[in-house]
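Got a predicted structure here, sequence first:
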Amino acid sequence: EMMTQELTKGRERLKVFLGYASGVGKSLRMLDEARRRRERGQDVVVGATQPKRSAEVEALLSVLEVIPLKKIDGAEAMDVEAILRRKPQVCIVDGLAYGNPAGSRHAQRWQDVEELLEAGIVVITSVNLQHIEEEREKVEKITGKHVTATIPKRFLSTADEIVVVDV
C-alpha cells in the first residue's frame, strides 16, 4: 500500500466527479474539463458517454475526439482495445457503474477503467453516490430508487481527486 502511494504521488491517475443523483451536471462538468485540457495541449479522448445527452453535452462532445462504443450482441460497451491502441494521455469515461454486455473483456465498466489506469492512461470519470456498493442502501432509503449496477468503494478510494457535483 505504502509503496503504491509513493509511486503515484504527484502523478495524476484517476479523477471522479461524484453526484448525489443523476442530472446534477456531472457529465457537463467532466466534458468541460476535457475541453479545457485539450485546449491546454493534453491528448484527450472520450471513451464512453451516457446515451441520454443534453444539448450542452452534445456541444462539448462535438469539439472532442470520441472513441465510438463497440457493439457486443446488440449491446454497447466501451472499446477498451481501441483506447489502448490510441494511447491517449487522458480518457473520459461517463457512467462508471455501467455493467458490460456478456462477452466483454470485463463484467463492469469500472474494471475497464482499471485496465486503462494500469496502461498509464489518466481517467476522468463520473458516478452517482447510489452506485457505490456500500452506500447503495442508504441512498435507496432516501430516493426510493433501486440500482443494480454498482462499484466497490475500494475502487473509488484509489482516486486522486473526487469532485462532488451538486445542483
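All right, it came through fine.

Can you give me the buried ones in the longest helix along the chain?
Longest helix in the chain, counting residues (DSSP state H): helix 26-39. Buried positions in helix 26-39, judged by neighbour count with 16 or more other C-beta atoms under 10 Å: 26-31, 33-35, 37-38. (C-beta placed from N, C-alpha, C; glycine too.)

Give me the next element, helix or strand, following it.
Later in the chain than helix 26-39, the nearest helix or strand by DSSP states H and E is strand 44-48.

What pairs with that following strand, parallel or antiparallel?
strand 65-66 (parallel), strand 90-93 (parallel) (DSSP bridges).

in the helix or strand following the last one, what counts as buried?
Looking back up the chat, that one is strand 90-93. Scanning forward in sequence from strand 90-93 by DSSP H and E, the next helix or strand is helix 109-118. By neighbour count on 16+ other C-beta under 10 Å, the buried set for helix 109-118 is 109-110, 112-117.

quick one: helix 109-118 to strand 44-48, angle?
Helix 109-118 and strand 44-48 are oriented at 160 degrees to each other (axes from the mean of the first three to the mean of the last three C-alpha atoms, to 10 degrees).

so what secondary structure elements neighbour helix 109-118?
helix 80-86, strand 90-93, strand 122-128 (3 or more C-beta pairs under 8 Å, 6 or more residues apart in numbering; DSSP states H and E).

correct me, but Asp43 touches Cys91?
No: between Asp43 and Cys91 there is no contact under C-beta atoms under 8 Å: 9.8 Å.

got the contact list for the residue nearest the centre of the chain?
Centroid-nearest residue in the chain: Thr125, 2.6 Å away (criterion: C-alpha atoms, centre = their mean). Thr125 makes contact with 14-17, 30, 92-94, 96, 113, according to C-beta atoms under 8 Å, 6 or more residues apart in numbering.

Distance to Ile151 and pLDDT added to the residues you listed, as JSON lines?
Output for the contacts of Thr125, formatted as JSON lines (distance: C-beta to C-beta, whole Å; pLDDT from 0 to 100):
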{"residue": "Leu14", "distance to Ile151": "12", "pLDDT": "96"}
{"residue": "Lys15", "distance to Ile151": "15", "pLDDT": "96"}
{"residue": "Val16", "distance to Ile151": "10", "pLDDT": "94"}
{"residue": "Phe17", "distance to Ile151": "14", "pLDDT": "94"}
{"residue": "Met30", "distance to Ile151": "16", "pLDDT": "94"}
{"residue": "Ile92", "distance to Ile151": "17", "pLDDT": "97"}
{"residue": "Val93", "distance to Ile151": "12", "pLDDT": "97"}
{"residue": "Asp94", "distance to Ile151": "14", "pLDDT": "93"}
{"residue": "Leu96", "distance to Ile151": "6", "pLDDT": "91"}
{"residue": "Val113", "distance to Ile151": "9", "pLDDT": "96"}
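
Many thanks, have a good one.
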